[in-house]
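Novice: Quick one, structure for this:
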Amino acid sequence: MANQQNVVVLDVISRGVRNVLPPSSLPVPKSFSPQDLKMLLMKKLETEKGGAKINAWLDSMRASSPTRIRASSLPETDDRSSWIVHHPSALSMFEQIVAASRGKQIVMFLDYDGTLSPIVEDPDRAFMPKEMRATVRDVARYFPTAIVTGRCRDKVYSFVKLAGLYYAGSHGMDIKGPSKSCKYKKGNEGVLFQAASEFLPMIDEVYRVLVEKTKSILGTKVENNKFCVSVHFRCVDEKSWVSLAEQVRLVLNDYPQLKLTQGRKVLEIRPTIKWDKGKALEFLLEALGYANSNDVLPVYIGDDQTDEDAFKVLRERRQGFGILVSKLPKETNASYTLQEPSEATLLNLASISCFILIMFSG
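Specialist: Here you go, the predicted model:
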């Protein structure tokens with residue numbers, strides 16, 4: 001009797017599944033076991049989740065983070081000028097910045113791509129302009145200065161080519177300080193920090209798999225940034241974004257210890273540890289001896305969604321300020337804005353140099 005009931009229940013469920021699944025979906029045999037049914041439903045659920053994930057990724061890819069404020073989300077009277085009221089130009093606010101800096105030690109944190117160098121189609125050719133290098137060199141003479149980037153630390157050093165700086169690569173998961181002679185060192189002698197060393201073999205493996213899986217998608221550039229893998233789609237036709245996102249999703253399904261984040265026209269795969277550019281900023285302040293100091297003014301300049309983690313930390317600490325490099329209104333935790341990297345040069349060279357003169361003239 002029990003067996004007959006089980007058969008009836010299975011038959012009802014199987015007919016129900018056939019009604020739920022579209023004709024072109026998954027084939028349902030006329031008779032199958034409870035295990036078959038479980039596998040079928042799990043496969044359907046996985047397919048639906050995968051589709052939803054791809055759609056979410058595509059929306060984010062189109063937004064080309066950080067998210068641009070949608071016109072529909074703003075009151076009718078709001079426009080760029082009202083956004084500037086809340087996020088004024090750092091150049092126009094120079095006097096206020098100087099006033100906030102008096103008697104405090106400035107610590108500079110700088111993103112690389114889109115901040116110190118222009119955004120270019122080929123990430124291997126994101127060279128730093130000579131004027132910007134000279135500016136960063138001048139700033140680092142007076143203030144502790146760190147480059148905080150999603151790039152591999154060695155790669156960004158090959159672009160910047162300046163000693164005496166702190167380099168935080170792979171979104172801060174790989175940090176190295178200047179030589180022991182650096183005058184800013186208050187704490188650790190020779191900062192060297194790697195937050196996810198155990199993931200290195202996995203990252204290398206994912207890099208090789210993604211290179212193979214995406215080689216047929218024209219314009220895709222896969223970059224091994226040591227502690228993360230970057231899949232650049234700046235040169236990929238938008239019609240191919242679905243295929244690219246699907247390939248990345250399929251690879252990530254086999255590596256639950258990795259997660260996907262996004263930057264400007266780039267998908268980034270990194271460990272699921274709680275570490276980002278904001279954590280790197282806090283780590284460096286502690287390494288410099290300013291963890292609990294009220295006499296420090298951290299300044300972070302960046303242009304990407306990943307820089308928002310650092311902007312958020314500064315806002316929550318109510319200490320220092322973030323500066324977003326962007327021509328368009330965007331949702332941000334930064335306090336000030338700059339239009340483009342050339343303005344960052346002006347801010348660092350003119351404004352900071354002027355501030356130095358004020359400080360040393362008493």
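
Novice: Quick one: the strands in the chain, in order.
Specialist: With DSSP state E, the ranges of strands along the chain come out as 105-110, 145-148, 166-169, 174-176, 192-194, 221-224, 229-232, 258-263, 266-271, 296-302, 321-325, 336-338.

Novice: residue ranges with poor pLDDT in the stretch 51-200 of the chain?
Specialist: 51-81, 179-189 (pLDDT under 70).

Novice: run the last query once more with 80
Specialist: Across the stretch 51-200 of the chain, the ranges flagged by pLDDT under 80 are 51-87, 90-92, 94-95, 97-98, 179-191.

Novice: residue boundaries of the helices in it?
Specialist: Secondary structure of the stretch 51-200 of the chain (DSSP state H, counting those that start in this stretch): helices located at 80-86, 94-101, 130-142, 153-160, 200-214.

Novice: packing partners for the first one?
Specialist: By that I understand helix 80-86. Applying 3 or more C-beta pairs under 8 Å, 6 or more residues apart in numbering; DSSP states H and E, we find helix 80-86 packed against no helix or strand. Where C-beta positions appear, they are placed from N, C-alpha and C, glycine not excepted.

Novice: Beta-bridge partners for Thr261, please?
Specialist: For Thr261, the beta-bridge partners under DSSP bridges are Glu268.

Novice: Tell me how many other residues surround it.
Specialist: 18 (other C-beta atoms under 10 Å).

Novice: Could you double-check that it sits in contact with Glu268?
Specialist: Yes - applying C-beta atoms under 8 Å as the test, Thr261 and Glu268 come out as touching, 4.9 Å apart.

Novice: what sits in contact with each of these two?
Specialist: Thr306 (C-beta atoms under 8 Å, 6 or more residues apart in numbering).

Novice: coming back round to it: TSV for the helices of the stretch 51-200 of the chain, including mean neighbour count?
Specialist: Formatted as TSV, the helices of the stretch 51-200 of the chain follow (neighbours: other C-beta atoms under 10 Å):
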stretch	mean neighbour count
helix 80-86	11
helix 94-101	14
helix 130-142	17
helix 153-160	18
helix 200-214	17
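
Novice: Between those helices, which one is closest to Phe193.
Specialist: helix 153-160 (10.7 Å; C-beta to C-beta).

Novice: CA-only coordinates of the closest one in PDB, if you can.
Specialist: Written as PDB, here are the backbone C-alpha positions of helix 153-160 (Å, rounded to 0.1, in the frame of the first residue of the first chain):
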ATOM      1  CA  ARG A 153      52.000  45.300  -7.000                       C
ATOM      2  CA  ASP A 154      55.000  44.600  -9.200                       C
ATOM      3  CA  LYS A 155      53.100  45.700 -12.300                       C
ATOM      4  CA  VAL A 156      52.100  49.100 -10.800                       C
ATOM      5  CA  TYR A 157      55.600  49.600  -9.500                       C
ATOM      6  CA  SER A 158      56.900  49.100 -13.100                       C
ATOM      7  CA  PHE A 159      54.500  52.000 -14.100                       C
ATOM      8  CA  VAL A 160      55.300  54.400 -11.200                       C
END
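
Novice: Any chance you could list what contacts it?
Specialist: 112, 116-117, 126-128, 133, 136, 147, 149, 151, 167-170, 174-176, 225-226.

Novice: ok and that helix relative to helix 130-142, angle-wise?
Specialist: Angle, helix 153-160 to helix 130-142, by axes from the mean of the first three to the mean of the last three C-alpha atoms, to 10 degrees: 110 degrees.

Novice: okay if I get the strands of the chain as JSON lines plus distance to Val156?
Specialist: Output for the strands of the chain, formatted as JSON lines (distance: least, C-beta to C-beta, whole Å):
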{"stretch": "strand 105-110", "distance to Val156": "10"}
{"stretch": "strand 145-148", "distance to Val156": "6"}
{"stretch": "strand 166-169", "distance to Val156": "6"}
{"stretch": "strand 174-176", "distance to Val156": "10"}
{"stretch": "strand 192-194", "distance to Val156": "15"}
{"stretch": "strand 221-224", "distance to Val156": "12"}
{"stretch": "strand 229-232", "distance to Val156": "12"}
{"stretch": "strand 258-263", "distance to Val156": "14"}
{"stretch": "strand 266-271", "distance to Val156": "15"}
{"stretch": "strand 296-302", "distance to Val156": "13"}
{"stretch": "strand 321-325", "distance to Val156": "17"}
{"stretch": "strand 336-338", "distance to Val156": "20"}
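
Novice: Could you list the low-pLDDT ranges of the stretch 201-350 of the chain?
Specialist: 339-350.

Novice: Isn't Ala280 up against Ala168?
Specialist: Yes - if you go by C-beta under 8 Å, Ala280 and Ala168 touch, sitting 4.5 Å apart.

Novice: Give me the common contacts of these two.
Specialist: 148, 175.

Novice: so Ile301 bridges to which residues?
Specialist: Assessed by DSSP bridges, Ile301 has beta-bridge partners Leu110, Ile323.

Novice: residues in contact with it?
Specialist: Neighbouring residues of Ile301 by C-beta under 8 Å, 6+ apart: 108-111, 115, 322-323, 325, 338, 344, 347.

Novice: cool, and Tyr255?
Specialist: Per C-beta under 8 Å, 6+ apart, neighbours of Tyr255: 202, 206, 269.

Novice: Buried residues, stretch 285-297. List them.
Specialist: 285, 287-290, 296-297 (16 or more other C-beta atoms under 10 Å).

Novice: Quick check: Gly302 touching Gly322?
Specialist: Yes - Gly302 is in contact with Gly322 according to C-beta under 8 Å; the separation is 7.3 Å.

Novice: Please identify which of those two sits among more neighbours.
Specialist: In this view Gly302 and Gly322 are compared by other C-beta under 10 Å, and Gly302 has more residues nearby, 31 against 27.
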